[in-house]
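1. below is the sequence, then the predicted model.
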Amino acid sequence: MSGTCRKDKQYIMEKKFKEKYLAGEVEFEEIDDYSQDWGFSDEPVTLREYLGLNAEEEDAWVSIGDEALKELLDRQK
């Protein structure tokens, strides 16, 4: 099988925000930088996908705010 079928999805980052945050590689506040980078990118993905969040995490973030998302992520550390 050839790996060329995903060439149109060149949005491969080394790690998504969520992975880096859970690994202690970035502070939670950097989510704003990642969101801004997504806004200026041509990546064919949603913000949720770009950050590496699941639907529950995205919903908490949008509906309640940063603290709700941070709490959900911190539980996974």
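-> Sure, I can see it.
2. got the buried residues for stretch 56-70?
-> For stretch 56-70, a neighbour-count test (16 or more other C-beta atoms under 10 Å) marks 57, 58, 60, 61, 69, 70 as buried. The way it works is simple: take the backbone N, C-alpha and C, and place the C-beta from them, glycine included.
3. ends of stretch 35-53, how far apart?
-> Stretch 35-53 has an end-to-end distance of 12 Å (C-alpha to C-alpha, to the nearest Å).
4. let me have the buried residues of stretch 56-70 in TSV, extended by pLDDT.
-> Shown next, in TSV, are those (pLDDT from 0 to 100):
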residue	pLDDT
57	98
58	98
60	98
61	97
69	98
70	98
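5. for the residue lying closest to residue 16 once chain neighbours are set aside, give me its contacts.
-> Distance criterion C-beta to C-beta, 6 or more residues apart in numbering; nearest residue to residue 16, sequence neighbours excluded, is residue 52 at 2.8 Å. Listed by C-beta atoms under 8 Å, 6 or more residues apart in numbering, the contact partners of residue 52 are 15, 16, 17, 18, 19.
6. isn't the third one up against residue 51?
-> Yes. Taking contact to mean C-beta atoms under 8 Å, the distance of 4.4 Å between residue 17 and residue 51 places them in contact.
7. hey, what's in contact with both of these two?
-> Counting by C-beta under 8 Å, 6+ apart, the residues touching both residue 17 and residue 51 are 31, 34.
8. farthest pair in the buried residues of stretch 56-70?
-> Spanning the widest gap among the buried residues of stretch 56-70 are 58 and 70, at 13.5 Å by C-beta to C-beta.
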